[in-house]
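[1] Got a sequence here, can you build the structure:
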Amino acid sequence: MSWGQLRSMFSGRRTHRGSRSGSYRQIRRRQPEDGRREAGFTLPEMLIAAFLVASAAGLIATAIYQVFIVSQGGNARLSELTDLESAALWIGRDATEAVSWTPGSGIAYGTFQTTDPSISYRYGFIGAENALARQVLVSGTPQQTLRLARHIANQGDVVFSVSGSLVTVSITATSGSTSQSATFNVSMRAQ
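    Numbers count the residues shown, from 1 in each chain. Okay, the predicted model is just below:
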């Protein structure tokens, strides 16, 4: 088919064979008497446009809610879980090197004594920062302080208990209105 035949088929004109294409009718809008076309939208077009705008607004509102509201609670939980994981890893590492646990007093929870009598690891609470801290002691002098968990609301949120070579640690991390707790057991090196 030529281009002219296709065009005449869609315009409703007669083709060169003299047939009129009955399956393709051209739909025409009413025109005023002076020959100008009317400007504007039909009711179905307006309804479809309103539906699309409302759907897009709903999707955007849901996305904004997810980003700003839901993620705040998720970030708080993530901070708490990160604190618990960090504390568990360091306490587990130090316990596997330790041969004994000496309970502390005041803000110190206690100290792991290693096979090298000059090296020990002390755990304590830093009230000004609400943090669980680990100190490396060399011959009793602090050499390095590491904050393991920064969301400890008060000193009682961390509890160390020892039974033989088994150390049980319970930690509660609090961030805003949410909190996460974990209890884990680590075993010290046998002497």
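[2] drop to CA atoms for contacts and neighbour counts, all remaining ones
    Will do.
[3] Work out which residue lies at the spatial centre of this protein.
    Among the residues of the chain, the one closest to the centroid is Gly74, at 5.0 Å (CA atoms, centre = their mean).
[4] Downstream of the lowest-mean-pLDDT helix or strand in the chain, the next helix or strand is which one?
    Sorting the helices and strands of the chain by mean pLDDT, DSSP states H and E puts helix 3-11 at the bottom, at a mean of 61. Moving toward the C-terminus from helix 3-11, the next helix or strand (DSSP states H and E) is helix 43-65.
[5] Just the buried residues of that following helix, please?
    In terms of neighbour count (16 or more other CA atoms under 10 Å), helix 43-65 has no buried residues at all.
[6] re the thing from before, the residue nearest to the centre of the chain and Ala173: what is the separation?
    14 Å (CA to CA, to the nearest Å).
[7] cool, and Thr114?
    As judged by CA to CA, Thr114 and Ala173 stand 28 Å apart.
[8] Which one of those two is surrounded by more residues?
    Shown here are Thr114 and Ala173; by other CA atoms under 10 Å, Ala173 has more neighbours (27 against 21).
[9] got the contact list for the helix or strand hosting the more buried one?
    Under the criterion of DSSP H and E, Ala173 resides in strand 166-175. Contact with strand 166-175 is made by 76-77, 79-81, 83-84, 95, 149, 151-153, 157-162, 179-188, as judged by CA atoms under 8 Å, 6 or more residues apart in numbering.
[10] out of these, which are buried?
    If we count by 16+ other CA under 10 Å, the contacts of strand 166-175 have these buried: 76-77, 79-81, 83-84, 95, 149, 151-153, 157-158, 160, 162, 179-180, 185-188.
[11] Among those residues, which ones are in helices?
    Here DSSP state H is the test, and the buried ones among the contacts of strand 166-175 give 76-77, 79-81, 83-84, 95 as lying in helices.
[12] how close does the closest residue to Ala95 other than its chain neighbours sit to Ala173?
    Leaving aside its sequence neighbours, Ala95 sits nearest to Met188 (CA to CA, 6 or more residues apart in numbering; 4.8 Å). Plainly put, Met188 is 24 Å away from Ala173 if you go by CA to CA.
[13] again with Arg77
    Arg77 sits 9 Å away from Ala173, taking CA to CA as the criterion.
[14] what residues do these two have in common as contacts?
    In terms of CA under 8 Å, 6+ apart, Arg77 and Ala173 are both contacted by the residues 179-180.
[15] how about Ala133, what does it touch?
    Ala133 touches 123-126, 145-149, counting by CA under 8 Å, 6+ apart.
[16] for Gly124, same thing?
    By CA under 8 Å, 6+ apart, the contact list for Gly124 reads 107-110, 132-134.
[17] Derive a PyMOL selection command for the buried subset of these.
    Buried subset of the contacts of Gly124, written as a PyMOL selection, criterion 16+ other CA under 10 Å:
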select buried, resi 108+109+110+132+133+134
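[18] Mind pulling the model confidence for Ser2?
    Note for Ser2: predicted pLDDT of 69.
[19] Same question for Ile27.
    Here the pLDDT value assigned to Ile27 is 57.
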